[in-house]
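Based on what follows, work out the 3D shape:
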Amino acid sequence: MSLVLTILVFLFTSFLVVAVGSIIINRRRQLQSRLADIQKMSDDADPEDMLRLPFMHRVVMPALNNIGHVLGKIAPKEIRSRVDRRIRYAGSPKNLNFFSLLALQLLVGGALLFLAWFLTSTFQFDGGQMFLVVALMTLGGFFLPYGIITSKADTRQQTIRKTLPDFLDLLLVSVEAGLGFDMALKRVASQMPGPISMEVKRALEVIRMGGNREGALRGIAWRSGVSELSSFISAVIQAEQLGSNITNTLRVQAEYMRQKRRQKAEELANKAQVKLIFPLIFFIFPSLFVVILGPAAIQIFRALAGL
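Model prediction:
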């Protein structure tokens, strides 16, 4: 079994060496591409701005992207799109993408592989236990980054769903007070910090820089993946295209979101009754049986012992 672990460690090391070698071989091409990108910059751009970026963005993330590009070419397109979608829903933390996440998974999995191999060798596990510990720690380390991204995406979407009705209420009040729609968005986004406000600020920045208004608004729904927010964006775009009153649209959407949140709360309350069955059966009922039937059982045992 130690021979199998040695082979696994050798294969992983060889695989990592090949990836690093490919990066070194392609270094000239990457430098030429970067020089071409620098030449395309405006004259006002300062190349020293790159030195002001954090070490994570200047060195670590490009290295992970390069390793991921080498290793991620064999991944199916469906897996790439699904992982990219989860990263996008999570807010693209640290400018992650599919390739950098794949490289991060391999690094964490490889680190835990070496750690598991060292621990099992130090404490002298037998063959089966050694293989089980190494396999579990390696797989856990490989899927840990993706699990964190998935959890972050779910939490972010849930936060957007909870704050969307309040966001629409404040937006409606701001529009009724006389502000334009864009100014109302900016005002509410500054008053309600959170993921939805960050997406709105990003869309407003795109519009301010001359981007397409409809595309900027739809980008909010595309990056969040929340169906309620997507329906609100579609209603606003349709109202602007048809020239209808935006205030009425906001009032209808705010009422709809409040009603949907109320229905969601009622649904969770109804599910709570079913979820309470398992704690009742496995924790509460046994304690009640011990308290209620315990004295009677003791008396029955004493009576039987007297006979």
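
gap between the closest residue in space to residue 170 that isn't next to it in sequence and residue 213?
Nearest non-adjacent residue to residue 170, counting by C-beta to C-beta, 6 or more residues apart in numbering: residue 188, 4.6 Å away. C-beta here means a position set from N, CA and C on the backbone, and glycine is covered the same way. Distance, residue 188 to residue 213, using C-beta to C-beta, to the nearest Å: 18 Å.

Can you name every helix or strand that the helix or strand harbouring residue 162 contacts?
For residue 162, the host element (DSSP states H and E) is helix 127-176. With contacts defined as 3 or more C-beta pairs under 8 Å, 6 or more residues apart in numbering; DSSP states H and E, the packing partners of helix 127-176 are helix 2-25, helix 77-89, helix 98-122, helix 181-191, helix 195-208, helix 213-224, helix 227-242, helix 246-275.

Tabulate the ones you listed (TSV), appending mean neighbour count and mean pLDDT.
Shown next, in TSV, are those (neighbours: other C-beta atoms under 10 Å; pLDDT from 0 to 100):
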stretch	mean neighbour count	mean pLDDT
helix 2-25	13	56
helix 77-89	15	89
helix 98-122	19	84
helix 181-191	17	87
helix 195-208	17	89
helix 213-224	18	89
helix 227-242	16	87
helix 246-275	13	85
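
Residue 159 is nearest to which of those helices?
For residue 159, the closest of the helices and strands packed on helix 127-176 is helix 195-208, at 5.7 Å, according to C-beta to C-beta.

what's the distance between that closest one and the middle of its chain?
19 Å (C-alpha atoms, centre = their mean, to the nearest Å).

got the angle for it vs helix 227-242?
Orientation check (axes from the mean of the first three to the mean of the last three C-alpha atoms, to 10 degrees): helix 195-208 against helix 227-242 gives 30 degrees.

For helix 195-208, report the contacting residues that lie outside it.
91, 156, 159-160, 163-164, 167, 182, 185-186, 188-190, 213, 215-217, 219-220, 223-224, 229 (C-beta atoms under 8 Å, 6 or more residues apart in numbering).

Between helix 213-224 and that helix, find me the angle.
Using the same axes, to 10 degrees, helix 195-208 lies at 150 degrees relative to helix 213-224.

Kindly format the C-alpha coordinates of helix 195-208 as CSV.
The C-alpha trace of helix 195-208 is given here as CSV (Å, rounded to 0.1, in the frame of the first residue of the first chain):
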residue,chain,number,x,y,z
PRO,A,195,-24.8,42.4,-2.7
ILE,A,196,-27.7,43.9,-4.5
SER,A,197,-26.4,47.4,-3.9
MET,A,198,-23.0,46.4,-5.2
GLU,A,199,-24.5,45.1,-8.4
VAL,A,200,-26.6,48.2,-8.8
LYS,A,201,-23.5,50.4,-8.4
ARG,A,202,-21.7,48.3,-10.9
ALA,A,203,-24.5,48.7,-13.4
LEU,A,204,-24.7,52.5,-12.8
GLU,A,205,-21.0,52.8,-13.4
VAL,A,206,-21.3,51.0,-16.7
ILE,A,207,-24.1,53.4,-17.7
ARG,A,208,-22.1,56.4,-16.6
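
Which parts of the chain belong to which domain?
Domain assignment of the chain by automatic domain parsing yields the ranges 2-41+48-153, 157-272.

now residue 119: how far from residue 134?
Using C-beta to C-beta, we find residue 119 at a distance of 9 Å from residue 134.

And residue 62, by the same measure?
Using C-beta to C-beta, residue 62 is found at 31 Å from residue 134.

Compare those two (neighbour count), which wins?
Using other C-beta atoms under 10 Å as the criterion, residue 62 and residue 134 rank with residue 134 on top: 24 against 14.

With adjacent residues omitted, what lies nearest to that one?
Excluding the flanking residues, the one nearest residue 134 by C-beta to C-beta, 6+ apart is residue 116, at 4.3 Å.

Just give the nearest non-adjacent residue to residue 230, would you?
Spatially, and ignoring its direct neighbours in sequence, residue 230 is nearest to residue 221 (3.8 Å; C-beta to C-beta, 6+ apart).

contacting residues around that neighbour?
Counting by C-beta under 8 Å, 6+ apart, residue 221 touches 229-230, 233-234.

so, if you compare those, which one comes nearest to residue 275?
Closest approach between the contacts of residue 221 and residue 275, by C-beta to C-beta: residue 229, at 28.0 Å.

ok, that closest one - contacts?
Residue 229 makes contact with 160, 164, 196, 220-221 under the criterion C-beta under 8 Å, 6+ apart.
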